[in-house]
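Trainee: build me a structure from this.
(one chain, ligands or ions: 2)
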Amino acid sequence: MNASSTTDTHYDVIVIGSGIGGLVSATQLAAKGAKVLVLERYIIPGGSAGYFEREGYRFDVGASMIFGFGTKGTTNLLTRALKAVNVSLETIADPVQIHYHLPEGLDLKVHRDYEKFLEELTSHFPHEREGIRRFYDECWKVFNCLNAMELLSLEEPRYLMRVFFQHPGACLGLLKYLPQNAGDVARRYISDPKLLKFIDMECYCWSVVPADQTPMINAGMVFSDRHYGGINYPKGGVGQIPLKLVEGLEKAGSVIEYQARVTKILLENGKAVGVELANGQQYRAKRIVSNATRWDTFEKLLSPEIMPDKEKRWQKRYQKSPSFLSLHLGIKANVLPPQSECHHILLEDWQRMEDEQGTIFVSIPTLLDPDLAPEGYHIVHAFTPSWIDEWRGLTSSQYQLKKEEAAARIIERLEQIFPGLAKGLDYQEVGTPRTHRRFLGRVDGSYGPIPRYKLAGLLAMPFNRTSIAGLYCVGDSTFPGQGLNAVAFSGFACGHRIAVDLGY
Ligand SMILES: NC(=O)c1ccc[n+]([C@@H]2O[C@H](COP(=O)([O-])OP(=O)(O)OC[C@H]3O[C@@H](n4cnc5c(N)ncnc54)[C@H](O)[C@@H]3O)[C@@H](O)[C@H]2O)c1
Ligand SMILES: CC(C)=CCC/C(C)=C/C=C/C(C)=C/C=C/C(C)=C/C=C/C=C(C)/C=C/C=C(C)/C=C/C=C(\C)CCC=C(C)C
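Mentor: Residues are numbered from 1 along each chain as shown. Ligands and ions are numbered 1, 2, ... in the order given. So this is what the prediction gives:
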């Protein structure tokens, strides 16, 4: 390819990146008849929902606890995104969302069955029986509002009017919760400090911030959908979701190109009109969507000198969350105690919940889908928050050594739940924030934006349109934030807004 050649193919929309946010937006548009080009820098689609294969194991890169895959209501956005392009996936129901192993012997499971979960939590805090029920019941109020209506772009006034007339009570309910955080709601009903710490952990394990900074809308989704649609694992691994979406995208007549790293968003008279790849190839389209993070979009794909004031304000409110240190392990099946659960969280000291390598998350997807590992073996994906600064400035041998030491420490801690883990190891691969940055193209390997200080719920989170005409953002740096179901919502909303703009 010669430098700076432009293809003549006419596209309605170019999507930079094939994370779930990018793919849902692309497939929504393709299903409506738009011609979409998705440009993905890596060799397979999915971003954080991707996978890799080693020695007979198929590991999920990141996402493993999947919301939004139920069969009823309107909040099952992954099921709906696949259906929109006439594809589907078999899923396996997880009977327990998380088995918590927390300080001071707080050992409990979040059962799919709501009442069973409340009973188990109440058995640890009998004096808070009423408060527990009132807090989680209030989360259901948020969920029931969302689950009553079609979920599309909040930037489309005609849609807003329509849903308001169809569901006035649900809309007013959501308006009430939009500026609220889960911590404030929890403190209205609960006063036991240890139980409030548990609520912090319930939020932290997916929002990466304590309850005080976790938007109530998101808490309502997570704390209710796990009992409504449930946590469901796609057969064949999480990587099947993007693969199926790509199948649907192509069937609908649109295109994805791999190893196509966008280095520049092209502007003409201040309007986004195309993109340039690392190999000099240029593509043009009527609308450009970035599924890269906002920092990557406005500091790398566009010149930071022209950063719109709105983005500067956003950066003052939100910062990059830490990345993760990830251990992808293959282990002998007999290491796992009988009846082990798929997802675990381990923390030994409440003070360390938010620390570098404090909380450990564990996912054992082979308990749901044994085909992901050779017979007689399991996959253990253990990950813990880690900042890129911990991993900068090391020589290659120092980096290797630091990885091995960190992995050994995590395995030693995990021995508390899985005695014999170290002896049962068959395969080990360690990923650091540098790995996440390299393979996911995410600035500092970050998991996404988190509030710098306590904000008013979701009010400060931007929708899909940006201050640059023709340029939209999708994915976890847009409303409502991190999570596959959350970025799927962002994809639905982005696709809807562009479809209206283009007259589809
Ligand atoms: N449920 C879980 O267990 C779990 C775990 C980890 C992550 N997640 C979620 O996954 C979500 C991520 O979804 P997303 O849609 O925002 O994004 P993503 O980061 O998954 O995908 C972005 C995609 O864009 C590509 N890309 C980036 N820059 C590019 C460029 N310049 N040119 C071409 N391609 C480029 C990347 O390779 C990647 O495929 C996060 O919100 C996170 O919460 C969930
Ligand atoms: C009209 C008027 C007047 C008004 C209007 C109002 C309205 C309508 C509003 C609306 C709103 C909306 C629609 C909203 C939406 C939202 C949503 C969709 C949300 C979602 C969310 C979700 C989420 C957040 C999810 C998440 C998840 C996650 C993150 C996960 C993760 C996980 C992990 C990391 C885990 C791990 C662990 C272990 C392994 C243990």
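
Trainee: quick check: the residue in the chain that ligand 2 sits nearest to vs residue 332, distance?
Mentor: Here the chain gets closest to ligand 2 at one residue, residue 483, 2.4 Å apart by CB to the nearest ligand atom. Heads up, the C-betas are built off the backbone N, CA and C, glycines and all. Per CB to CB, to the nearest Å, residue 483 is found 33 Å from residue 332.

Trainee: how many neighbours does the nearest residue to residue 106 once chain neighbours are set aside have?
Mentor: Excluding the flanking residues, the one nearest residue 106 by CB to CB, 6 or more residues apart in numbering is residue 124, at 6.1 Å. As a burial measure, residue 124 scores 18 neighbours (other CB atoms under 10 Å).

Trainee: what separates residue 124 from residue 216, distance-wise?
Mentor: According to CB to CB, residue 124 and residue 216 sit 24 Å apart.

Trainee: cool, residue 318 as well?
Mentor: For residue 318, the distance to residue 216 equals 18 Å [CB to CB].

Trainee: of the two, which one has the most company?
Mentor: Between residue 318 and residue 216, counting by other CB under 10 Å, residue 216 is the more crowded of the two (25 against 22).

Trainee: please report phi then psi for the more buried one.
Mentor: Per-residue torsions, residue 216: phi -60, psi -30 (degrees, to the nearest 10).

Trainee: contact partners for the residue lying closest to it once chain neighbours are set aside?
Mentor: Leaving aside its sequence neighbours, residue 216 sits nearest to residue 180 (CB to CB, 6+ apart; 4.0 Å). Contacts here follow CB atoms under 8 Å, 6 or more residues apart in numbering; on that basis residue 180 touches 215, 216, 456, 457.

Trainee: just put those residues in CSV and tack on pLDDT, secondary structure and distance to ligand 1.
Mentor: Converted to CSV, the contacts of residue 180 look like this (pLDDT from 0 to 100; DSSP: H, G, I helix; E, B strand; the rest coil; distance: CB to the nearest ligand atom, whole Å):
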residue, pLDDT, secondary structure, distance to ligand 1
215, 98, strand, 14
216, 98, helix, 18
456, 97, coil, 21
457, 97, coil, 18
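
Trainee: just the buried residues from the residues you listed, in ChimeraX please.
Mentor: Applied in ChimeraX, the following selects the buried portion of the contacts of residue 180 according to 16 or more other CB atoms under 10 Å:
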select :215,216,457
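
Trainee: report the two of the contacts of residue 180 separated the most.
Mentor: Spatial extent of the contacts of residue 180 (CB to CB) is set by the pair 216 and 456 at 10.4 Å.

Trainee: which secondary structure element contains the closest residue to residue 104 other than its chain neighbours?
Mentor: Residue nearest to residue 104 in three dimensions, not counting chain neighbours: residue 194, with 6.8 Å by CB to CB, 6+ apart. In the assignment (DSSP states H and E), residue 194 maps to helix 193-207.

Trainee: OK, contacts around the closest residue to residue 34 other than its chain neighbours?
Mentor: Leaving aside its sequence neighbours, residue 34 sits nearest to residue 12 (CB to CB, 6+ apart; 4.2 Å). Contact analysis of residue 12 by CB under 8 Å, 6+ apart lists 29, 34, 35, 36, 285, 286, 287, 502.

Trainee: tell me the domain boundaries of this protein?
Mentor: 11-89+234-317+451-502, 322-443 (automatic domain parsing).

Trainee: include distance to residue 103 when you put those into JSON lines, please.
Mentor: Compiled in JSON lines, these are given as follows (distance: least, CB to CB, whole Å):
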{"stretch": "domain 11-89+234-317+451-502", "distance to residue 103": "22"}
{"stretch": "domain 322-443", "distance to residue 103": "5"}
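
Trainee: single out the most deeply packed of those.
Mentor: Using mean count of other CB atoms under 10 Å, the stretch among the domains of the chain with the largest mean neighbour count is domain 11-89+234-317+451-502, at a mean of 21.

Trainee: and the gap between residue 415 and residue 423?
Mentor: To residue 423, residue 415 is 10 Å away according to CB to CB.

Trainee: ignore what I typed, I meant residue 145.
Mentor: Remark: distance between residue 145 and residue 423 (CB to CB) = 50 Å.

Trainee: before we move on, what about residue 460?
Mentor: Distance, residue 460 to residue 423, using CB to CB: 49 Å.

Trainee: one more: residue 501?
Mentor: In terms of CB to CB, residue 501 sits 59 Å off from residue 423.
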